[in-house]
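Peer 1: please work out how this folds:
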Amino acid sequence: MTSEGLNEPSKPWHLLSADETMQHFSVERHGLEQDEAASRLELYGPNRLPPPKRRGPLQRLLSQFNNVLIYVLLAAAAVTAVLAHWVDTGVILAVVLINALVGYIQEGKAEKALDAIRNLLSPQATVLRSRHQIVIPAASLV
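Peer 2: Numbering: from 1, shown residues only. Prediction:
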């Protein structure tokens, strides 16, 4: 819930009493009524963080080459190419490419695993609604 439209309290949040906090947010001890909770959810939106920005496939692939060891291997490949040791150059470049491919695949699998875990987790919150305790999805918390 954002603080848009809410005046900041005169004291820091942690110094407010429970009654002062309830007065500031216009709530009662018995909790919000269902219609008030629904209107606040409509007004402020769901209580969740925006999803993290994902890197595109090309950026994920190029990031595999951003490593000091890869720079050393590419420099070694350049030196062996200048010396016309083509087999050595090919082997070094093959190692760099295989490393990038394996890293790209592993990173993709790790992102999919994190997405699966994120989808499995559904945080819940216990709230007072019309004097009754109920469990709601944390995203619906207002």
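
Peer 1: gap between residue 33 and residue 127?
Peer 2: When distance is defined by C-beta to C-beta, to the nearest Å, residue 33 is 12 Å away from residue 127. In short, each C-beta sits where N, CA and C put it, glycine included.

Peer 1: the more surrounded of these two?
Peer 2: Looking at residue 33 and residue 127 with other C-beta atoms under 10 Å, you find the greater number of neighbours at residue 127, namely 17 against 13.

Peer 1: give me the element that one is part of.
Peer 2: Mapping residue 127 onto the secondary structure by DSSP states H and E places it in strand 124-129.

Peer 1: between strand 124-129 and the helix or strand just after that strand, find me the angle.
Peer 2: As assigned by DSSP H and E, the chain's next helix or strand after strand 124-129 is strand 132-137. For strand 132-137 against strand 124-129, the angle between stretch directions is 140 degrees (axes from the mean of the first three to the mean of the last three C-alpha atoms, to 10 degrees).

Peer 1: surely residue 24 and residue 16 touch.
Peer 2: Yes: with contacts defined as C-beta atoms under 8 Å, residue 24 counts as touching residue 16 at a distance of 7.1 Å.
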